[in-house]
Every structure is written in structure tokens, then in C-alpha cells.
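> no sequence on this one, just coordinates:
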RNA sequence: AAUGCAGGUUUUCUUAUCGCCCCGAUAAUAUCGGGGAGGAAAGUCCGGGCAACAUAGAGCACCGUACUUCCUAACAGGAAGGUCCCGGUAUAUAUCGGGAACAGAUAGUGCCACAGAAAAUAUACCGUCCCACCACAGGCGGGAUAAGGGUGAAAAGGUGGGGUAAGAGCCCACCGCUUCAAUGGUGACAUUGGAGGCAUGGUAAACCUUACGGGUUGAAAGACCAAAUAGGUUCUGUCUUCUGCUUUUGCGGAAUCGGGUUGCUCGCUCGAUCAAUUUGAGUCAGAAUGGGUAGGUCGAUCGAUCCUGUUAGUGAUAACAGGGCUAGAUAAAUGAUAAGACCCCGAUUUAUCGGGGACAGAACCCGGCUUAUAAACCUGCAUUUUUA
RNA sequence: GGCCGACUAGCUCAACUGAAUAGAGCACUUGACUACGGAUCAGGAGGUUAUAGGUUUGAAUCCUAUGUCGGUCA
């Protein structure tokens, strides 16, 4: 382990992605839910191993969007919005980091601006409801 | 020039800011440099490579393919050709364009509703004709015949003539069919000539026959690394219910199991506490060993490869020469925002404004097929109009 | 990523190896019965058999392609 990563930047590190199968199952079974239309946010605080990364997962249901092109586009927009505004969360230090799961619940494709707005709202909501 | 049909080619571009994935260098979550979706990446309909397992040979079964020759690693793909069908042009034929699951119904079995005399070994209902009788409209009996007969998808070679009591390939001509021979062609087949009097309805995307091909399973294949824990195997050692006394034999107590004591419980009582004898079984401890889950690495991107040219071939394609390296992720990168250029549509003040730029996103890799596609361009054919 | 299967009336299902009006129950609707309703009785409507081609005289059925839905394999 070298120098610690710059958490304030807009870089989106590989460790900030939620990949572990059991963590995902924990997030969806034990985590809390809050709706920010067109998104739904699952969140859960966890015990980090070394660096307190917030971990992100994005999901777009296949039921509403048949074409993988459309699903990929929405996922990229959500991830981009989170990347630009995640520094808000790292600014407020203290407390356990979050596992985040964004699920797209609308049946229509929304523009980047409306998605960005709701992502900011959701991050503010998380900071206000943080424990420890 | 427009429209339609068929086929082919291309799949918008530039800049800035912030980012993502891979590779290389410095050197370590930093900086620099390079690369980053498609013609269908799709459907998974075929064929192969690759991998594991299986495997003496032959036959049967099952699945698939089906005009011929060639191409190919292979194919249900492609090229060239043949036959048949459809459309156009001149018109007994030729030519142009398009299409065809295009082997066999004379190997066998099955099916062909309704209608119709009859639906497949032809039949004899209405008919036609001859003879005899009743007795003269006609009826009945015996015989000949298959020309004609509502039907039906399909009717037993067709047309014309001769012939006959009436008729019939009964006979003849032409056409068709079957078969034989010759010639041309690698072949499908074509042309010419002879013979047969016609024997052969349809259906094989019904069973089937013939010929050819197919081992099974798919990257979730498969190979390797490997923490903690549990268990398997092997080796070594220890013990054979626990405990007290005793040198040992042995004796006492407790526990467990089994039998008896009236069915049950307690109690009492009896027996056993590994089997056996050069060993085996089990408990515990230690060591070794192989299998293997979370996870990771490989498989995995240099290949039936791409580009250009020459040669051979009608062509698919092949050979040779030169040059290039061109995504490689794994809850899965290839993006977001802003501005401009190009193209299309609408409004119209003719220069602005507004809207739009299809179908669609790699997952081991190739060769095809099929399906989805905005716009532009090219080629062939047909129709219409204009000009000469 | 691979491999299977099913689409028939508003719903649940039939129609077997092709045969001409695609049938049954529930639901809907009309009438009768009843003071009214239910139940019952008598009738009626409702289908491009998922879509598009093909084979056949004839297709829900056979073949091909497409679409939708479902199952299964670590």
C-alpha cells in the first residue's frame, strides 16, 4: 500500500465499486430504501477493511428496458452523476462508510440533468441521516 | 428524370473540460505515451477450431442433408451450369429478369372429407347397341361396350380421321409418355433415330427407400495457485470405561450396556466392559499426502488474420510477394457536458429559429445464414413522362 | 454463455397421427320464473387459433423465420 488515494478528487476508483456477491445480498436484504424518482436508493453502513470507501452499485431492470444500449446509457449517466458529486460525502468525515445501490425505477429515459439533481438530493439525505 | 424490384458499398466529423478499461515506460493508486464496439457485436439456425471424457471392427436404431460439377478447414454456405415455373420483349423460337426443400410414387404400407356411377386390383348407376319374349307408348330377361353423364383439387393419354350393331389405341397421323441405341458433354442433361399401343392419378414439409455425413458434452469446457476450518488416506506412538489399594495375580467402589425379577419405574440380583493371540479393529496425539469451497492466474486474443499488388481460373477461390498488429472487460470499460461543422425535416422575414441524425453495445475465436436498419452513392431490369 | 418448452373466446382448458360451422366450463348479455334479488331454465354474442411465409385440393395441426412468455444447467 503506497500513498493513500485522493478521495476529494472526481476520480472513480475500482475499489469504490460494489462487486462482492455477499455484500450485495446484505445490501438488498438488510439495507434501507428511499425513493428519489426516477431512482430508488438502497443504503447500508458497513465495517471497512482499510480505506473507508463508499461503495456504489447501479442497476437498471431489464423488465423496463429491453435494449442493452438503453440500459447502459442510463447506468453511465447515474455513475457519472455520482462521480461528480461524491466529494460531498468525503468532505464530511467520521462515521462508517456506505454501501449504495441505485436502482432505476422509471419506465422512461430521463435526461442527465434530472438524474443529477436527484443524485445530489440523495447524497444530502444520506449525510443528514448518518449515524456515528 | 421519377417510381418499383433485385444486388452491392459506406455507417457523420472536430475541439475543450472532467472521467473509465487495457498495454508500455518512469516508477508505484502519481506522471507521460499508445490503443479502446458492429455490419449486423443480435437471433443461436448451421459448420469448424479448441478442450475434457469415451473409443477393437461391423451392422441396426436415431438425427441431418438431397438436380450436377466445383470452391472450402467444414457446412444446410458460395460459384458456374442444367431442368421446370412466373413476368417482359420481339414472337412456332430466341433473349432478358426473377423464383424453386429440384433424389425416388415402377420397392412396400397408409391417406384422399363432402360431392360423384366410380378416388385406384377401375366400376357398371344413368346411358348406347344387338337378340328373345310380352304385344308395339313401353316393359322384362340375356349379352356387347366404356363414347357421353351434375360432381370434384384431381376422372384412367389428348386432338383429328378411319372403323363398328353401338363403341373402344381396335387401327392410323401429330403431340405427350415409357423404353432402347447413337452422338455431344467431367456431369446434371441435350439432340437425333428406332420400338412399345399406353402399361404409370396425387401425397414423401405421411411412414418410408436409396446415397452420403454425424462419438458425447460445451469456455459455467478445461489447466494451475491456494488462507482458515472440517473431514478422507498412509505412517509412527499411546491407550483398551473411570478410579482407590496392591510387586503381580487379584480385591473394592462408581459409570455404561445386556438378562432376570408380573406390564412400567425405582430397587435388588447376575453377567460383560474389544475380539483374538506373533495380528486386526477403534480412541487420542504428531507427521506426510492427495482431493477441494470463497478468491486469484491461465484458457483469452497472432489468427483457416488484415491491407495492397501480381499470377491462374468464366467464377466462388487459390498461390506468391511486400507491409501491418488492429478492444480484451469479469456485478463487467469504451462515457458526460458544452461549442462548432455536415446532412435531413418544419416554419418562413431567404437568412434565421426550432426539431432530428437509424438499427443497435463485444464476452473463447473464426466461416456462413437469417432478422433489424435512417441517409447517401453505385449497378441491372421494368413502367411512365420529356427531348433528339 | 448453452439447452428445452408453450402461445386457441375476457379467464381456465379441449379439438389425438391435416377434412371444411374450432368445442366445454366460468364470466358477459336477452328472455322466462320472483314482490325484488340469488339459484334454475331457454337462447345469444364473443376467435384473422401470437405474427409472416411455404407444403397440400385443404393447415389450429406439417415445415421455416420472427415475436412474447416460461423452465433448466454453477
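Yes, it's here. Note that the structure is predicted; figures quoted are calculated from it, not measured. Residues are numbered from 1 along each chain as shown, chains lettered A, B, ... in the order given.

> C-alpha from now on. contacts and neighbour counts both.
OK.

> where does chain A have low pLDDT?
Along chain A, segments meeting pLDDT under 70 span A:1-8, A:21, A:48-51, A:93-94, A:131-132.

> Please enumerate the strands of it.
Along chain A, the stretches classed as strands by DSSP state E are A:32-36, A:39-45, A:55-59, A:98-104.

> which one of the ones you listed lies closest to RNA strand B?
strand A:55-59 (6.1 Å; CA to the nearest atom of the strand).

> what's the angle from that closest one to strand A:39-45?
Here strand A:55-59 points in a direction 150 degrees away from that of strand A:39-45 (axes from the mean of the first three to the mean of the last three CA atoms, to 10 degrees).

> Does residue A:60 touch residue A:74 like I think?
Yes - between residue A:60 and residue A:74 a contact is recorded at 7.4 Å, counting by CA atoms under 8 Å.

> hmm, back to that, buried deepest among the strands of chain A, which one?
strand A:98-104 (a mean of 23; mean count of other CA atoms under 10 Å).

> what does that one contact?
Contacts with strand A:98-104, where a contact means CA atoms under 8 Å, 6 or more residues apart in numbering, come from A:18, A:27, A:38-46, A:53-61.

> of those residues, list those near RNA strand B.
Here is what survives when the contacts of strand A:98-104 are matched to RNA strand B using CA under 7 Å from any atom of the strand: A:18, A:57, A:58.

> From those residues, pick the one nearest residue A:127.
residue A:57 (18.3 Å; CA to CA).

> now the ones next to RNA strand B among the contacts of strand A:98-104 in JSON lines, with distance to residue A:112?
Output for those, formatted as JSON lines (distance: CA to CA, whole Å):
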{"residue": "A:18", "distance to residue A:112": "23"}
{"residue": "A:57", "distance to residue A:112": "18"}
{"residue": "A:58", "distance to residue A:112": "15"}
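
> Tabulate the strands of chain A (JSON lines), appending distance to residue A:116.
Compiled in JSON lines, these are given as follows (distance: least, CA to CA, whole Å):
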{"stretch": "strand A:32-36", "distance to residue A:116": "11"}
{"stretch": "strand A:39-45", "distance to residue A:116": "11"}
{"stretch": "strand A:55-59", "distance to residue A:116": "14"}
{"stretch": "strand A:98-104", "distance to residue A:116": "12"}
